[in-house]
Every structure is written in C-alpha cells, then in structure tokens.
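Q: I need the structure of the sequence given here:
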Amino acid sequence: MTRIAQTVCGANLLALSTAMAQVPAVNQASPAPSFWVINVSTEIVGMGQGLPVFALQRDDWPRYRTDSGAVARAFQSTRFTLSATHSSGWQIGTLLRTEASLEASRDAVDLAALNANRADPPTRRDFDIHAIGQGWQAAGIVVGTPWLSLDAQKLWQGQVQLQLMTLRQLRTDAISGFTNYHGGGSYDFALQSQRSRDDLAAPFLQPSDSAGRAASVSFAVTAKPTDNWKLQLRAEDLLSLLDWPSLGTESATLNTRVLGSVSDGTLNYAPLIAGRNTLERGQGRMGARWVADLVWSSRIWRDSGGVSFRAERKLGLAQYWLGWDQAAQQAGGLTWRLEIEPTVRAASFTSSWRNWEGALATDGRGAGSALTQLRLAWRSRF
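A: Next up, the predicted model:
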C-alpha cells in the first residue's frame with residue numbers, strides 16, 4: 001500500500017470512528033435507579049348522624065344529641081400503617097385497624113336517652129326499637145399494585161390494594177322489637193336481642209377461639225380526561241370479610257305480654273324472659289367507603305390550583321366538600337387544600353410539604369362533634 005493510500009484509509013477510519021462516537025448508544029442506556037419510599041401514617045375518623053360519636057361513652061351523652069331523622073348512625077375508626085413503596089409502584093406494609101359502628105332507629109335512641117337520664121316519656125308512647133352495632137380490631141399486611149393504564153392513551157389508571165389481617169377482637173350487638181309506655185312508669189316490652197363477644201363468659205360455655213381473620217380488597221381509579229379536569233375514584237373495603245370461627249353469643253327474649261296457664265288451669269299474666277349462651281360463627285363486613293374527588297382548573301390559573309369537589313359515603317354517612325386545591329410552585333413545595341362541608345357545617349384543611357402530610361376536618365362542636373378527621377403521614381426515600 002502506497003503512502004497516499006495509507007493516508008486516505010487512515011482519514012476514513014478516523015472520520016468513521018468520530019461519527020460512531022456521536023451516535024447515541026441506545027442499547028447501552030443505564031437502567032433507572034431502583035429505590036424504596038417508606039411511609040408512616042396514622043388516621044382517626046369519627047362521624048355521626050344524630051349521635052355524638054365521641055361522647056357515647058359519657059353518662060351525659062344525651063345532652064349532645066342532634067336531630068337525626070328516622071335513623072341515627074355513628075362510626076369511628078383508627079388506623080396505623082407502615083409501608084414501603086418500590087420505584088416500580090408495588091407497595092407492601094403492615095397495618096393496625098380498629099373500627100366501631102352503630103345504626104339505630106330514632107325511637108331506640110330516644111328510649112336509650114330517657115334511660116340514661118333516668119326519666120320517663122312525658123306522655124304515652126310506642127317505641128319501635130331497632131339497633132345494630134359492630135366493633136373489631138385487626139392487624140396484618142397490606143399489598144398494593146402499581147398504577148396500571150386502563151386505556152391506550154393512559155388517561156385512566158387503576159390500582160388494587162389487598163389487606164390480610166388477623167382479627168383480634170370482634171363484637172356485634174343487635175336488638176329489635178317494641179316498647180310501649182302507658183304512663184305512670186308502666187312499660188310493656190317485646191324485644192329480642194343478640195350480642196357476640198370474643199371475651200363472653202358464662203357457666204358451661206367454652207371460651208371463644210383466640211382469633212379470627214379479616215380481609216379486604218380496595219380499588220382506585222385516577223383520570224385526567226382533559227388538561228382542565230382531574231378525577232379520582234376510590235372504593236375502599238369494597239370486598240371484605242370478618243370471620244371468627246367460634247364466638248361467644250348471647251341470645252335473649254323479653255316479652256311482658258304473655259298469658260301462661262298454671263297447674264289449676266287458670267291463666268296467669270307474667271313476663272317471659274328467656275336466654276341462651278352458645279358458640280356461633282361470627283361473620284360480618286367492614287362496610288365500603290366510597291370517595292369521588294374532582295378538581296377543575298381554568299387555563300388562567302392552571303399552574304396555581306383549581307376548584308375541588310369531594311364526596312364521601314360510608315355506612316350511610318355522607319359528606320360533600322367544596323374547596324380550593326392549591327398546587328405546588330416547585331418540586332417538594334407546599335401544597336394545600338381548604339374545603340367546607342355545608343350540610344354538617346364543617347371545614348377541612350389538608351397540606352403537604354416535603355416529607356410531611358397532614359389533614360384536619362372538624363365541625364368545631366367539641367365532645368358533641370358529628371365529624372372529626374385527623375391524619376398525619378411522613379415519608380422518606382432510600
């Protein structure tokens with residue numbers, strides 16, 4: 001090879017190597033870093049309709065009552081969660097939950113209030129009694145999926161969460177029937193009741209099983225159909241189970257309108273009181289919580305925030321919130337939402353800043369509160 005040919009060949013090789021160096025190394029791109037986000041949160045919720053949910057354990061609870069209409073309801077829950085979310089979106093953690101609920105007819109609440117005040121109705125009155133209550137405590141694990149695309153444009157995304165727990169406490173109460181007040185301190189009763197307790201003790205009754213099981217499946221959907229609208233739908237505990245294989249149960253009947261025959265054939269008016277204690281399978285549901293959260297932003301203030309509307313419902317208790325959702329001006333910056341609930345005259349404030357998040361909702365009635373929610377959360381990446 002001549003010197004000229006060597007020079008030309010070397011120049012071509014140099015140009016080729018330079019061009020190859022400028023081509024992006026698509027196949028050599030480094031993978032996205034893998035990391036975990038730890039989240040610790042605690043939440044307390046209390047809601048009532050005609051019942052002071054936080055004052056029911058007090059002797060003077062009737063003074064905090066409000067008009068409930070035909071049915072009174074109360075619900076209270078406490079939740080603590082420690083979880084880790086992977087950069088892929090998968091979540092795993094542990095949680096502790098405690099919940100209690102009560103639904104009662106207005107007559108049942110009126111009669112209970114009279115009994116608490118040691119008073120009789122001012123006039124003759126018939127009471128239609130109906131009440132059902134449930135309380136439980138459980139601890140276990142929670143597993144959540146990443147947000148999965150539900151359409152080709154990825155405008156809709158869905159998520160599923162599974163909770164598997166050991167049931168540590170389960171209590172149920174139910175009573176139904178009629179009570180008639182005739183005046184002068186005279187009553188007639190026709191009532192049936194049943195209560196179940198994991199710690200129920202009675203002669204010749206074997207102890208309840210030491211634990212039960214609980215499980216729930218929750219679903220969430222988020223969407224941004226346009227630049228101006230954001231939507232989130234949640235169905236928490238949509239599928240749920242509370243199961244205690246062998247639970248102490250007390251069943252009782254009280255009827256003062258009984259005519260019985262005695263040995264000489266005559267009729268004798270006497271009350272009937274009958275009861276029994278057994279071990280039964282205790283089962284129940286958690287009660288689904290429905291949430292719809294909608295935010296609308298104008299093109300003018302889209303980067304600042306938007307008007308929000310949020311509706312919630314659980315066990316017949318509903319909330320309708322209207323407010324302003326303030327967006328963060330920079331990554332990790334302060335975000336907040338201020339809302340009002342006109343039907344129960346409550347206010348709510350939610351804020352997030354860096355690793356912290358907090359929420360408070362209240363109607364400001366103190367011990368007679370019909371709505372109180374408190375949530376505090378902290379998260380950190382590692």
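Q: report pLDDT for the residue nearest to residue 312 when sequence neighbours are not counted.
A: The shortest distance from residue 312 to any residue other than its chain neighbours is 4.5 Å, reached at residue 319 (C-beta to C-beta, 6 or more residues apart in numbering). (Glycine included, C-beta is placed from N, CA and C.) Per-residue pLDDT puts residue 319 at 96.
Q: what's around residue 319, how many residues?
A: For residue 319, the number of neighbouring residues by other C-beta atoms under 10 Å comes to 20.
Q: tell me the secondary structure at it.
A: strand (DSSP: H, G, I helix; E, B strand; the rest coil).
Q: list the contacts of it.
A: Residues in contact with residue 319, defined by C-beta atoms under 8 Å, 6 or more residues apart in numbering, are 47, 310-313, 341, 343-344, 346, 371.
Q: make it 7 Å
A: Shown in contact with residue 319 (C-beta atoms under 7 Å, 6 or more residues apart in numbering): 311-312, 341.
Q: same check, this time on residue 246
A: Residue 246 sits next to 208-209, 279, 281 when contact means C-beta under 7 Å, 6+ apart.
Q: for residue 48, same thing?
A: Residue 48 is in contact with 73-74, 370, counting by C-beta under 7 Å, 6+ apart.
Q: quick one, grab the pLDDT at it.
A: Residue 48 is given a pLDDT of 94.
Q: and it, bridged to which residues?
A: In this entry, residue 48 is beta-bridged to residue 74, by DSSP bridges.
Q: now it: how far from residue 303?
A: Note on residue 48: its distance to residue 303, by C-beta to C-beta, to the nearest Å, is 40 Å.
Q: from the contacts of residue 48, pick the one nearest residue 62.
A: Distance to residue 62 across the contacts of residue 48 (C-beta to C-beta) is lowest for residue 74, with 13.8 Å.
Q: that closest one and residue 47, how far apart?
A: With C-beta to C-beta as the criterion, residue 74 and residue 47 are 7 Å apart.
Q: common neighbours of those two, please.
A: residue 53.
Q: what pLDDT does the most centrally placed residue in the chain get?
A: In the chain, the residue lying closest to the centroid (C-alpha atoms, centre = their mean) is residue 289, at 5.6 Å. Residue 289 is assigned a predicted lDDT (pLDDT) of 98.
Q: that one and residue 236 touch, don't they?
A: Yes: under the criterion of C-beta atoms under 7 Å, residue 289 makes contact with residue 236 at 4.2 Å.
Q: quick check: phi and psi at residue 366.
A: phi 60, psi -130 (degrees, to the nearest 10).
Q: nope, residue 110 is what I meant
A: Dihedral angles (degrees, to the nearest 10) for residue 110: phi -60, psi -40.
Q: so the nearest residue to it once chain neighbours are set aside is in which element?
A: The shortest distance from residue 110 to any non-neighbouring residue, by C-beta to C-beta, 6+ apart, is to residue 127 (7.0 Å). Assigned by DSSP states H and E, residue 127 falls within strand 125-144.
Q: what packs against that strand?
A: strand 91-105, helix 106-116, strand 156-183 (3 or more C-beta pairs under 7 Å, 6 or more residues apart in numbering; DSSP states H and E).
Q: hmm, who's touching stretch 176-186?
A: 111, 120-121, 124-130, 187-192.
Q: of these, just the buried ones, PyMOL syntax please.
A: Command for PyMOL, covering only those of the contacts of stretch 176-186 found buried under the criterion 16 or more other C-beta atoms under 10 Å:
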select buried, resi 111+125+127+129+130+189+190
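Q: ok, so of the contacts of stretch 176-186, who is nearest residue 86?
A: Among these, residue 130 lies closest to residue 86 (C-beta to C-beta), at 48.1 Å.
Q: ok, that closest one - contacts?
A: Residue 130 neighbours (C-beta under 7 Å, 6+ apart): 104-105, 108, 176.
Q: which of the residues you listed are buried, as a PyMOL select command?
A: Buried residues among these (16+ other C-beta under 10 Å), as a PyMOL selection:
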select buried, resi 104+105+108+176
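Q: save the contacts of residue 130 as TSV, and put in distance to residue 145 and pLDDT too.
A: TSV is the format used below for the contacts of residue 130 (distance: C-beta to C-beta, whole Å; pLDDT from 0 to 100):
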residue	distance to residue 145	pLDDT
104	39	97
105	42	96
108	43	96
176	42	97
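Q: reformat the contacts of residue 130 as CSV; add distance to residue 232.
A: Listed next are the contacts of residue 130 as CSV, based on distance: C-beta to C-beta, whole Å:
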residue, distance to residue 232
104, 33
105, 35
108, 37
176, 39
